[in-house]
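**Q** Got a sequence here, can you build the structure:
(chains A, B, C, D, E and F)
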There are 4 protein chains.
Amino acid sequence: MNQPLPQSFRTEQAAQSSDARMLRTREALYAALLILLERKPFDQISIRDITAQATVGYATFFRHYATKEDLLNDLAANEISELLRLTLPVLYATNTSTSCLALCAYVDERRKLWTALLTGGAAGILREVFIQQAMRIPMEREQETWLPGDLEITYSVGATLEVLAWWLRKHDEVSVERVAEILDRLVIAPIVDKG
Amino acid sequence: MNQPLPQSFRTEQAAQSSDARMLRTREALYAALLILLERKPFDQISIRDITAQATVGYATFFRHYATKEDLLNDLAANEISELLRLTLPVLYATNTSTSCLALCAYVDERRKLWTALLTGGAAGILREVFIQQAMRIPMEREQETWLPGDLEITYSVGATLEVLAWWLRKHDEVSVERVAEILDRLVIAPIVDKG
Amino acid sequence: MNQPLPQSFRTEQAAQSSDARMLRTREALYAALLILLERKPFDQISIRDITAQATVGYATFFRHYATKEDLLNDLAANEISELLRLTLPVLYATNTSTSCLALCAYVDERRKLWTALLTGGAAGILREVFIQQAMRIPMEREQETWLPGDLEITYSVGATLEVLAWWLRKHDEVSVERVAEILDRLVIAPIVDKG
Amino acid sequence: MNQPLPQSFRTEQAAQSSDARMLRTREALYAALLILLERKPFDQISIRDITAQATVGYATFFRHYATKEDLLNDLAANEISELLRLTLPVLYATNTSTSCLALCAYVDERRKLWTALLTGGAAGILREVFIQQAMRIPMEREQETWLPGDLEITYSVGATLEVLAWWLRKHDEVSVERVAEILDRLVIAPIVDKG
DNA sequence: CTCTAATCGAGACGGTACGTCGCGTCTTACG
DNA sequence: CGTAAGACGCGACGTACCGTCTCGATTAGAG
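**A** Now for the predicted structure:
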C-alpha cells in the first residue's frame, strides 16, 4: 500500500508540476543528457550515467520519466519546437529556398547538439518526434500536393534529416548555402512540384 | 592463453568454412532470426531467443557471430544482394520508372520480410548494409549527377527506404504501380535531374 | 564508470552495514550455505544453488561476497571463533587433557556441521581460517616450545583437524573421551613436550 | 552405433596398451601436467591447458583419462611409489630417525615437484593416493600400536605431509636434518610410543 | 610392404556456471 | 515525515570449460 502512482500518470503529472525541486531535478537530468549525448551515442547512455552526471539519485529519475527514451522525447520535443518556432515563419514564405536556408542556418548554429541527435542512436526517436510536431502544424496551403498527406510529412521530415545527417557527418566541408540549395532541390521541390 | 581464436577472425573465417556442422548451425541461426523478426522488432530479440528458436546451444551463437547485429548484417546482406541481383539489370535501363517498378514488385513479393526489416528496430543496420552494397555497384553512368557522390548514394538509399517503409506500414492500401511512380518522381527524378 | 562500488571495499564495508535488508540477505545466504553443506560437499555447491536456497536474486550474492569462498570464510570464521570462545578458557588450563575434552565435546555437539566442514571440499579453507584465528590468540605461555612458532600453530591445527576428520568420518564408533585422549597424546603432548 | 567404449574401461585398458602412439601421448600429458604444476595450482589448470602444453588434441585427453584428477592420480601414484620404493627399506629399520632423514632427503631432491604437489590445490588428492599406497604396505610389525589401525596410517601420512608442506613453503630456511628430526619427534615418535 | 584399423589433431557442439551490467521496483535511513 | 540513496529480483550479456561428437590425415603393426 501507499504505492506511489501508476507510472503512466506520474510522468504527465510531473510535467506540469511547479514544485521548484522537481523543476531543478528535471533540468539537471535534461542538461546531463545533453552533455552525455556529446560524448557517446544515446543507446550507450544508461539511466545510471544520466543520474550520475546530474548528481541526482538513481530512483529519482523514475519520478520524472518512465524510460530514458521519455527524457530524450522531452529534449527532442524542445529542440524541435524551438527550431520550428524560429523557422516556421519562413516556411510559410512562398520562397522555399529561403526557408531551407533558415533551417540550415539554425542547425549550423547548434551544430554540436544536432550532430549528436542525428548521427547517434537517437535519430529514430528524433525523427518520430519531428514528424509528430510537423503533423500539428496547421497547413494553410492553397492546395494539396500530389502526394498522400501522411507520406508528404513523413518523407519531407525523413529526407530532410537524411540530408542534414549527411551534412553534419562531414563536419565543415559543405557550406550552409550549398546544403540549403541541395535540400531545396532534392527534397522540397519534388514535393511541392505541381508538374 | 587458450581462448579458441580471436573474435574478429572467427566470423569471417567461418563464413567460408566448409564444415557441414557449421553450415547447418549458421543456417539454423539465420532461419531463426527470420522467424523471430516476423514476430517482434529486432531490438527485442535476444540472442537467447535466437538460439532457442534455432535449437542451438547458447554459446554456439558466439562461435559464428560476435553480436546479434552481425547475424542481422549477414541476413540483410543476403537479402539486399538478392534484391540487387534481381533488380540491377533494370536499374541500368534508361527508363527509371521501369527500375522502380521492378524494385517495388520485388519487395512486394517478400512483403513480410521487408516489413520486418524496415519497420522494426533493424532499419538502421539494413540501411547501412544497403549503402555499403550500393557503393560497390559499378556505376557506368554517362555523367556525374549534380550531387556530391556520397550523398547521392546515401540519399537515394535512405529516401527509397523511407518510401518503402511508408508503403509497407500501410499494408495493402497502395498498389505497386502507385508506389513505384511515387518513388520515381520523389526520389530518383530529382537526383538524375539534369536541370 | 558507474559501477556501484569497487568489489574489494564492498564486502568489508557491508559487514558493518546496518541496513536491515543487507543483514537479512547475508543471513539468508549464510543459512543457505549451512543447509547445502549438509547435503553435498562445498565444491559441488554453485553460487546459483546458494542463492536459490536463500531465495535471493543471483546477482545479489555478489553484492555481499566476491566468491563463494568468501561466504565460506565468513561461515568458518564464525564457527571457529565460537568454538574458540567456548574452548579457549580450558586451553589455558594446565591440564591439556581437559582442553582436548572440551574441544571434542563441542565438536560432538555440532557434529553435523563440523562433518560437513571437515570432510567435504571445505576442509582447506577451514584449515586456513582456523590457523589465522589461532595465530591471533595471545599466547601467554611460560616458555617457548621446542618447535618453530609458525609450525607449532600450523601443525597443531592441521593435526587436530586430521584427528577430528577421522573421528567424524567414523560416525559414532568412537567416544568423545577416547578421541580426546588420542588428540592429547598424539598431537598436543608432543608439541608441549619439554623433553 | 560404433560408440567408442564405456569410459571406465577405456582408461584401464589404455593403461596396458602397448601402441607406441598411446604411450607417447600419455607421457606428453604427464610431462605437461608436471610443467604446469610448477606454474600454477592444480585447480587452476584446465584440461585445455594440459592438452595445449602437451601439443595434443583436446579430445585426445579423454582417450586416456576421464578427468584431470585421474591424470593427477597417475602422476601422484608414480611419484609416491617411487618415493616409497626408495625410502621403504629404511622405514623397516628400527631406527626411525634414519627413516625420516631418508624421506626428507628424497623430497629435498625433488623439491620443486613436491612443492607443487603439496602446496597447490593438488594436496587433497595426493594425500589420498598416499594413504592408499601406505595401506598396501605389508606391515610386519612386531605389535600393534596403541592407535586404531586406520587412524595410524591416515594420521601418519597426513601429519607427515603437514610438516613437509610447512617445510617446502619456507623454501630454504630449514635444513633437511632439522626437519627430519622434527618429523621424527612430532609425528613418528608419538605413534610408535609404547608408553 | 602393403593395407587396414587404431589413433591422432582439430575443433564444433550442447551444456552449465561464471561474474557483470542495467533495468525498474521497493525499502530504508537520513535530514 | 518525505525524499535520496541504493539494495533488491530479474534476466541478458559474453566467457570459460566441460565432456561428447564428428571429421579427415597419419601411422602403426598384422598379414
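**Q** and the most centrally placed residue in chain A, what element?
**A** By C-alpha atoms, centre = their mean, chain A has its centre lying nearest to residue A:76, at 3.5 Å. In the assignment (DSSP states H and E), residue A:76 maps to helix A:68-92.
**Q** Output the contacting helices and strands for that helix.
**A** helix A:20-37, helix A:47-53, helix A:60-64, helix A:96-109, helix A:111-119, helix A:123-136 (3 or more C-beta pairs under 8 Å, 6 or more residues apart in numbering or on different chains; DSSP states H and E). (Glycine included, C-beta is placed from N, CA and C.)
**Q** any chance of these in a markdown table, plus distance to residue D:105, mean pLDDT and mean neighbour count?
**A** Output for these, formatted as a markdown table (distance: least, C-beta to C-beta, whole Å; pLDDT from 0 to 100; neighbours: other C-beta atoms under 10 Å in any protein chain shown):
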| stretch | distance to residue D:105 | mean pLDDT | mean neighbour count |
| --- | --- | --- | --- |
| helix A:20-37 | 69 | 87 | 16 |
| helix A:47-53 | 62 | 93 | 19 |
| helix A:60-64 | 71 | 91 | 18 |
| helix A:96-109 | 86 | 89 | 19 |
| helix A:111-119 | 74 | 92 | 19 |
| helix A:123-136 | 77 | 91 | 17 |
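**Q** quick one: which of these is nearest residue C:118?
**A** helix A:47-53 (44.4 Å; C-beta to C-beta).
**Q** How about that closest one and DNA strand E, touching?
**A** Yes. Counting by C-beta under 7 Å from any atom of the strand, DNA strand E has neighbours in helix A:47-53: A:47-48.
**Q** Restrict that helix to CA atoms and write it as PDB.
**A** Extracted in PDB, the C-alpha atoms of helix A:47-53 (Å, rounded to 0.1, in the frame of the first residue of the first chain):
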ATOM      1  CA  ILE A  47      20.000   5.800 -16.800                       C
ATOM      2  CA  ARG A  48      22.700   5.400 -14.200                       C
ATOM      3  CA  ASP A  49      25.000   7.600 -16.400                       C
ATOM      4  CA  ILE A  50      22.400  10.300 -16.600                       C
ATOM      5  CA  THR A  51      21.600  10.400 -12.900                       C
ATOM      6  CA  ALA A  52      25.300  10.300 -12.000                       C
ATOM      7  CA  GLN A  53      26.000  13.100 -14.400                       C
END
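**Q** Stretch A:46-65: end-to-end distance?
**A** Stretch A:46-65 has an end-to-end distance of 13 Å (criterion: C-alpha to C-alpha, to the nearest Å).
**Q** what's the answer for stretch A:40-52, then?
**A** End to end - C-alpha to C-alpha - stretch A:40-52 spans 15 Å.
**Q** before we move on, back to that, can you tell which of the helices and strands packed on helix A:68-92 is closest to chain C?
**A** Closest approach to chain C among these is made by helix A:47-53 (4.4 Å; C-beta to the nearest C-beta).
**Q** who's in contact with the closest one?
**A** For helix A:47-53, contacts defined as C-beta atoms under 8 Å, 6 or more residues apart in numbering or on different chains pick out A:29, A:32-33, A:35-36, A:57-58, A:60-61, A:68, A:71, C:1-2.
**Q** one step back: report the angle between the helix holding residue A:76 and helix A:96-109.
**A** Inter-element angle recorded for helix A:68-92 and helix A:96-109: 140 degrees (by axes from the mean of the first three to the mean of the last three C-alpha atoms, to 10 degrees).
**Q** Helix A:68-92 and DNA strand E in contact?
**A** Yes. Against DNA strand E, helix A:68-92 shows contacts by C-beta under 7 Å from any atom of the strand at residue A:68.
**Q** residues from chain A in reach of DNA strand F?
**A** Near DNA strand F, when you scan chain A using C-beta under 7 Å from any atom of the strand, you find A:21, A:25, A:55-60, A:63.
**Q** With distance to chain C added, can I get these in CSV?
**A** Listed next are the residues of chain A next to DNA strand F as CSV, based on distance: C-beta to the nearest C-beta, whole Å:
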residue, distance to chain C
A:21, 24
A:25, 18
A:55, 12
A:56, 13
A:57, 13
A:58, 9
A:59, 14
A:60, 15
A:63, 19
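**Q** list the contacts for residue A:88?
**A** Each residue near residue A:88 by C-beta under 8 Å, 6+ apart is listed here: residue A:137.
**Q** distance of the residue nearest to the centre of chain A from residue B:64?
**A** Relative to residue B:64, residue A:76 is positioned 37 Å away (C-beta to C-beta, to the nearest Å).
**Q** try residue A:156
**A** 41 Å.
**Q** Near chain C, which residues of chain A are found?
**A** Counting by C-beta under 8 Å from any C-beta of the partner chain, the residues of chain A close to chain C are A:46, A:48-49, A:52.
**Q** need the residues of chain A near DNA strand E, please.
**A** By C-beta under 7 Å from any atom of the strand, the residues of chain A that approach DNA strand E are A:3, A:7, A:46-48, A:58-59, A:62, A:66-68.
**Q** Leaving aside the residues adjacent along the chain, what's closest to residue A:86?
**A** Nearest residue to residue A:86, sequence neighbours excluded (C-beta to C-beta, 6 or more residues apart in numbering or on different chains): residue A:106, at 5.7 Å.
**Q** out of the residues of chain A next to DNA strand F, who's nearest residue D:125?
**A** residue A:58 (48.0 Å).
**Q** So what's the gap between the host helix or strand of residue A:163 and the chain middle?
**A** Using DSSP H and E, residue A:163 falls within helix A:149-169. When distances are taken as C-alpha atoms, centre = their mean, to the nearest Å, helix A:149-169 is centred 12 Å away from the chain's centroid.
**Q** so what secondary structure elements neighbour it?
**A** helix A:96-109, helix A:111-119, helix A:123-136, helix A:176-183, helix A:189-192, helix B:149-169.
**Q** which residues sit against that helix?
**A** Residues contacting helix A:149-169 (C-beta under 8 Å, 6+ apart): A:103-104, A:107, A:111, A:114-115, A:118-119, A:123, A:126-127, A:130-131, A:134-135, A:145, A:147, A:174, A:179, A:182-183, A:186-188, A:191, B:150-151, B:154-155, B:158-159, B:162-163, B:166, B:182, B:186.
**Q** Enumerate every residue touching the residue nearest to residue A:86.
**A** Residues in contact with residue A:106 (C-beta under 8 Å, 6+ apart) are A:83, A:86-87.
**Q** Would you mind listing which of those residues are buried?
**A** Burial by neighbour count, 16 or more other C-beta atoms under 10 Å in any protein chain shown: within the contacts of residue A:106 this picks out A:83, A:87.
**Q** With respect to chain C, which of the contacts of residue A:106 is nearest?
**A** Closest approach between the contacts of residue A:106 and chain C, by C-beta to the nearest C-beta: residue A:83, at 31.8 Å.
**Q** Not counting its neighbours along the chain, what's nearest that closest one?
**A** Closest to residue A:83 by C-beta to C-beta, 6+ apart is residue A:106, at 5.7 Å.
**Q** What distance do you get for the closest residue to residue A:107 other than its chain neighbours to residue A:70?
**A** If you skip the residues right next to it in sequence, residue A:107 has residue A:114 as its closest partner in space, 5.0 Å away by C-beta to C-beta, 6+ apart. Between residue A:114 and residue A:70 the computed distance is 21 Å (C-beta to C-beta).
**Q** ok so, going back, so for residue C:42, which of the helices and strands packed on helix A:68-92 sits nearest?
**A** helix A:47-53 (35.0 Å).
**Q** SS state for residue A:173?
**A** coil (DSSP: H, G, I helix; E, B strand; the rest coil).
**Q** Per-residue pLDDT of it, please?
**A** Among the per-residue scores, residue A:173 shows a pLDDT of 88.
**Q** since we're on it, how many residues are nearby?
**A** Residue A:173 is flanked by 9 other residues according to other C-beta atoms under 10 Å in any protein chain shown.
**Q** ok so, going back, among the residues of chain A next to DNA strand E, name the buried ones.
**A** Using 16+ other C-beta under 10 Å, the buried members of those are A:47, A:62, A:68.
**Q** Including distance to residue C:170, could those go into a markdown table?
**A** What follows is those, written out as a markdown table (distance: C-beta to C-beta, whole Å):
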| residue | distance to residue C:170 |
| --- | --- |
| A:47 | 59 |
| A:62 | 60 |
| A:68 | 63 |
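**Q** Thank you kindly, that will do.
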